[in-house]
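Participant: just coords:
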């Protein structure tokens, strides 16, 4: 494998914060078509709401950090482990790290681990995203 | 999928270009392969493809209908195939194991031809 890429294992991502707003919860529910009242009024968050935190929280592009070819990058896997409640009004801080990089079937696999902390500094969520770069 | 207790399938409406635009705005994922047809064609995709995370969201919706989403402990998916506007997704699920404190389940999002788009695993508190 590309050694320059290998050396990125352990690299930390810039941390970012995001305030959970009811309007964003409703917007995601409407886009997915998951119209449960608790989502429309922002009483609960959808299981995939963390993707909103990642894109709107202004986290840096993984592709740019690792020098991946954007046209050849796919989202391969996504995993969430829920440790605590996240709710509207929370200000979450996200800390990410390049957990692993490996090559399989002539493709590069990059595993990004992110930890989400609330204002009490409690870990509420761990996310692992596997990004695939085709050669 | 493995054998196990079968959960009631959830049928989603046909995916539209408009839905992908809405999902882009909601999620903040503005990668043009999901919304800009000429760009997606140039990228060799033959048109726009749905955000994988939206299909994971369909499975998340099903979990909230089968159980209570706030009881989710772990939820993971593998993206297996691209989904395009015009396709209709069904989410199927099975309870494959039970522990003292949780159910271990599998789910998959398939199109009308039975092609698996997203394969999911989740654990939920009992």
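Facilitator: Thanks, I have the structure now. Keep in mind the model is a prediction, meaning the values are calculated, not measured.
Participant: residues of stretch B:11-28 that come out buried?
Facilitator: Neighbour-count burial for stretch B:11-28, counted by 16 or more other Cβ atoms under 10 Å in any protein chain shown, picks out B:12, B:15, B:19-24, B:26-28. Bear in mind the C-beta positions are built from the backbone N, C-alpha and C, glycine included.
Participant: Is the lengthiest helix in chain B positioned near chain A?
Facilitator: With secondary structure taken from DSSP state H, chain B has its longest helix at helix B:52-66. Yes: for a cut-off given as Cβ under 8 Å from any Cβ of the partner chain, helix B:52-66 has contacts with chain A, namely B:52-54, B:56-58, B:60-61, B:63-64.
Participant: Kindly present these as TSV, with separate columns for pLDDT and neighbour count.
Facilitator: Formatted as TSV, the residues of helix B:52-66 next to chain A follow (pLDDT from 0 to 100; neighbours: other Cβ atoms under 10 Å in any protein chain shown):
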residue	pLDDT	neighbour count
B:52	97	26
B:53	98	25
B:54	98	29
B:56	98	26
B:57	98	28
B:58	98	26
B:60	98	27
B:61	98	24
B:63	98	25
B:64	98	21
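Participant: helices or strands up against the host helix or strand of residue B:95?
Facilitator: According to DSSP states H and E, residue B:95 maps onto strand B:90-98. The contact analysis (3 or more Cβ pairs under 8 Å, 6 or more residues apart in numbering or on different chains; DSSP states H and E) places strand B:90-98 against strand B:5-11, helix B:52-66, strand B:102-110.
Participant: out of these, nearest to residue A:81?
Facilitator: The closest of the helices and strands packed on strand B:90-98 to residue A:81 is strand B:102-110. By Cβ to Cβ, the value is 12.5 Å.
Participant: pLDDT on the closest one, on average?
Facilitator: In this model, strand B:102-110 carries a mean pLDDT of 97.
Participant: Pick out the residue in chain A sitting closest to chain B.
Facilitator: Using Cβ to the nearest Cβ, the closest approach of chain A to chain B is made by residue A:55 at 2.9 Å.
Participant: For residue 45, list the residues it contacts.
Facilitator: Since no chain was named, I'll use chain A. Residue A:45 makes contacts with A:20, A:25, A:39, A:86-88, as judged by Cβ atoms under 8 Å, 6 or more residues apart in numbering or on different chains.
Participant: think we crossed wires, I meant chain B
Facilitator: Contact partners of residue B:45, counting by Cβ under 8 Å, 6+ apart, are B:33, B:82.
Participant: Can you verify it is assigned to a strand?
Facilitator: No: counting by DSSP: H, G, I helix; E, B strand; the rest coil, residue B:45 is not found in a strand; it is coil.
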